[in-house]
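**Q** Structure for the following, please:
(one chain, ligands or ions: 1)
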Amino acid sequence: MTSASEKVPFYLTTAITYPNGAPHIGHAYEYISADAMARFKRLDGFDVFFLTGTDEHGLKIAQTAEKEGLTAKEFVDRQAAVYRDVHELLGTSYDRLIRTTDSDHYAAASDLWKRMEGAGDIYLDKYEGWYSVRDEAYYTEDETVVRDGVRYSKETDTELTWTAEESYFFRLSAYQDRLLAYYESHPEFGAPQYRFNEVISFVKHGLEDLSISRTSFDWGVPVPDAPGHVMYVWVDALTNYLTGVGYPDTDSEPFRKYWPADVHIIGKDISRFHAIYWPAFLMSAGLELPQRVMIHGFLQNNGVKMSKSLGNVVAPADMIAQYGLDSVRYFFLREVPYGADGSYSHEAIVGRMNADLANNLGNLAQRSLSMVAKNLDGVVPSPGQFSDADRAILDATAGLLAAVRASFDKQEFSRALEAIWTVLGDTNAYFADQAPWVLRKTDPARMATVLYVTLDVVRTVGLLVQPVVPASAAKLLDVLGQPEGESRQFAAIATPIAPGTQLPAPVPVFPRYEEPAEA
Ligand code: ME8
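**A** Numbers count the residues shown, from 1 in each chain. Here you go, the predicted structure:
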């Protein structure tokens, strides 16, 4: 057994959520995909640290709290618990649920500020501009549009107000060349490529210095030695990735082990913050840069943007109550190529549940296992000589781990699942061709071999789908007689299922979705 200390570390994060409103499917999508990544790496033998949490400062939060008659702290305490419950519901296997109101985070944000200041990158000036409270961002005149006398951000369609205040600035303009050089030498830093290209061309157009403090409210991390200033919420928020692994103690064990992060998983609306500001802050502070920023797309309900006014915002809890957690997890990761925008609908979810999970995987497992139960006393048989057809299936299955790993390493989850389901499709065809139910009478030894091959495909698939459908995969591995622990790690894939293993009575693992009867 490898001890934790010998394993290769892998550090991944999600964006930290603004907890002002109710959790929606977009949040669940991000948590589920990051969770699948974390689980995959653990099963593949890595020492994983998975950070997620809530982004609790800023004017928007302060305003929402006031509207609800609560102090900002009371409000975020209540809302952080709502998000903790969502993680519970989704089975997110995080290692820390960070809150930017945690005391160690204040220390981290102050330290990062001081480092940037020490590098000569922070100066005091006055800021005037169009400010969006919702986005916590300033927009230049040409990034705005006026409708009915109200000014909006072209990009995010949020309302803007003219704001003038004394502010500290970060010398972002000084980082243009260094950022471009970094992108050039690290082509994998931003993904997918088409989203990274947008970032690169934004930087090529030239960068302005960034206003990084606010004096108009006090719900934030105080700027060191600058009474009246709190940090711009994005400086504070991005620092969470450092706090999570022990910063500012750069000699601490977690920091030395896990920093720099292997991947930040985020949505497309915040790519500039992560792929421009964040690396610039880190360069200024003399800290290493994350390996990769993976930018996912947005999910829409039936192709329509989710919004409260349209009444089409789906709560993760409702979706899970209707279809079950694993079906939702599988659907999200299989349906949309990660990075692209996508859509969900009842029909699409049911289609995936019934065709992929219930038919291709569930039926194959159930049919082979019940034949073993009925004809072989539930004992995994010894195979005879493998035929060409057996070999073809076994070889395809043996190649799966490498293919799936290569896809997961690029967060190409749908491609990984496609590879698995291609082998399942071939195995279903093999099972139908070989017709073990006929062989039962004509050639029982051959029937045993066909069942053996099929069971080993189902076992391999059961192991590989654990990151995506953890509870169902565990049930499947139970009925295949695979004990928890070592034999469920990916390293166990190379050792075929052991003849003689006594299997428990088979139970169906992936139920079909049946429409409820009309009332
Ligand atoms: O941006 N589909 O928080 P947030 C998919 N606090 N993903 C979506 C989505 C949708 N419809 N809507 C939002 C923030 N997201 C900041 C992050 S990180 C240092 C600070 C994604 O609650 C969004 O892109 O608005 C982001 O990655 C995450 O949900 C949280 O968004």
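
**Q** From now on I want contacts and neighbour counts done on CA atoms only, so please keep to that.
**A** Will do.

**Q** Quick check: residues of the protein near the ligand?
**A** Proximity of the chain to the ligand (CA under 6 Å from any ligand atom) is limited to residues 15-18, 26-27, 55, 237-238, 266-270, 297-299.

**Q** May I see the ChimeraX selection of the buried members of those?
**A** The ChimeraX selection below is limited to those of the residues of the chain next to the ligand classed as buried (16 or more other CA atoms under 10 Å):
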select :15,16,17,18,26,27,55,237,238,266,267,268,297,298,299
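
**Q** Inside helices: which ones of the residues of the chain next to the ligand?
**A** Taking DSSP state H as the definition of helices, the residues of the chain next to the ligand contribute 26-27, 237-238.

**Q** burial of the residue lying closest to residue 64 once chain neighbours are set aside, as a residue count?
**A** With sequence-adjacent residues excluded and distances taken as CA to CA, 6 or more residues apart in numbering, residue 64 is closest to residue 20, at 6.8 Å. Applying other CA atoms under 10 Å, we find 19 residues neighbouring residue 20.

**Q** Ok, residue 147 next?
**A** As a burial measure, residue 147 scores 7 neighbours (other CA under 10 Å).

**Q** what about it, distance to the ligand?
**A** 24 Å (CA to the nearest ligand atom, to the nearest Å).

**Q** Please tell me how far that residue sits from residue 232.
**A** 28 Å (CA to CA, to the nearest Å).

**Q** Residue 87 too?
**A** Distance, residue 87 to residue 232, using CA to CA: 27 Å.

**Q** and if you look at residue 451?
**A** Distance from residue 451 to residue 232, by CA to CA: 62 Å.

**Q** Give me the subset of the residues of the chain next to the ligand lying in strands.
**A** Using DSSP state E, the members of the residues of the chain next to the ligand that fall within strands are 15-17, 266-267, 299.

**Q** can you name the two of those residues that are farthest apart?
**A** Spatially, the most separated pair among these is 16 and 299, at 17.9 Å (CA to CA).

**Q** circling back: if I've got this straight, the residue nearest to residue 64 is in a strand?
**A** No - going by DSSP: H, G, I helix; E, B strand; the rest coil, the assignment for residue 20 is coil, not a strand.

**Q** ok, it to residue 382 distance?
**A** Residue 20 sits 59 Å away from residue 382, going by CA to CA.

**Q** And residue 130, by the same measure?
**A** 73 Å.

**Q** try residue 200
**A** According to CA to CA, residue 200 and residue 382 sit 58 Å apart.

**Q** re the thing from before, can you give me every residue that contacts the residue nearest to residue 64?
**A** Residue 20 is in contact with 60-61, 64, 76, 79, counting by CA atoms under 8 Å, 6 or more residues apart in numbering.

**Q** Where does pLDDT dip in this structure?
**A** Low-confidence segments of the chain, defined by pLDDT under 70: 1-5, 306, 308-309, 519.

**Q** where exactly do the helices run in the stretch 51-200 of the chain?
**A** For the stretch 51-200 of the chain, the helices defined by DSSP state H, counting those that start in this stretch cover 59-67, 72-90, 103-118, 176-185, 193-204.

**Q** Redo these as JSON lines? Include mean neighbour count.
**A** Output for these, formatted as JSON lines (neighbours: other CA atoms under 10 Å):
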{"stretch": "helix 59-67", "mean neighbour count": "18"}
{"stretch": "helix 72-90", "mean neighbour count": "17"}
{"stretch": "helix 103-118", "mean neighbour count": "19"}
{"stretch": "helix 176-185", "mean neighbour count": "15"}
{"stretch": "helix 193-204", "mean neighbour count": "16"}
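
**Q** For residue 35, which of the ones you listed is the nearest?
**A** Residue 35 lies closest to helix 72-90 among the helices of the stretch 51-200 of the chain, at 9.1 Å (CA to CA).

**Q** residues in contact with that closest one?
**A** Here helix 72-90 makes contact (CA under 8 Å, 6+ apart) with 19-20, 23, 28, 31-32, 54, 56, 61-62, 65-66, 97, 99, 219, 316-317, 325.

**Q** So among these, which ones count as buried?
**A** Buried subset of these (neighbour count, 16+ other CA under 10 Å): 19-20, 23, 28, 31-32, 54, 56, 61-62, 65, 97, 99, 219, 316-317, 325.

**Q** Verify the assumption that residue 295 is located in a strand.
**A** Yes - under three-state DSSP, residue 295 falls within a strand.

**Q** and the residue of the stretch 51-200 of the chain found nearest the ligand, what does it touch?
**A** For the stretch 51-200 of the chain, the nearest residue to the ligand under the criterion CA to the nearest ligand atom is residue 55, separated by 5.0 Å. Contacts for residue 55 (CA under 8 Å, 6+ apart) come out as 16-19, 99-100, 237.

**Q** burial count for residue 127?
**A** Neighbour tally, residue 127, other CA under 10 Å: 18.

**Q** What residues are bridge-paired with it?
**A** residue 165 (DSSP bridges).

**Q** how much space is there between it and residue 164?
**A** Here residue 127 is placed at a distance of 5 Å from residue 164 (CA to CA).

**Q** Next: residue 102.
**A** Distance of residue 102 to residue 164, given as CA to CA: 30 Å.

**Q** One more: residue 290?
**A** Residue 290 sits at a distance of 34 Å from residue 164 (criterion: CA to CA).

**Q** Count the neighbours of residue 398 for me.
**A** As a burial measure, residue 398 scores 16 neighbours (other CA under 10 Å).

**Q** wait, isn't it in contact with residue 492?
**A** No - contact criterion CA atoms under 8 Å: residue 398 and residue 492 do not qualify, at 11.5 Å.

**Q** Look up the closest residue to the residue of the stretch 101-250 of the chain found nearest the ligand, ignoring the ones flanking it.
**A** Per CA to the nearest ligand atom, residue 238 is where the stretch 101-250 of the chain lies closest to the ligand, at 4.0 Å. Spatially, and ignoring its direct neighbours in sequence, residue 238 is nearest to residue 278 (6.7 Å; CA to CA, 6+ apart).

**Q** That neighbour is in contact with residue 237, isn't it?
**A** No - Residue 278 is beyond contact range of residue 237, at 10.1 Å (criterion: CA under 8 Å).

**Q** Could you say which helix or strand holds the nearest residue to residue 474 once chain neighbours are set aside?
**A** Among residues not flanking residue 474 along the chain, residue 466 sits closest, at 7.2 Å (CA to CA, 6+ apart). If you go by DSSP states H and E, residue 466 is not part of any helix or strand.

**Q** Contacts only, for residue 466.
**A** Contact partners of residue 466, counting by CA under 8 Å, 6+ apart, are 39-40, 472-474.

**Q** again with residue 165
**A** With contact taken as CA under 8 Å, 6+ apart, residue 165 is in contact with 126-128, 214-216.

**Q** Over to residue 233?
**A** Residues in contact with residue 233 (CA under 8 Å, 6+ apart) are 57-58, 136, 220.
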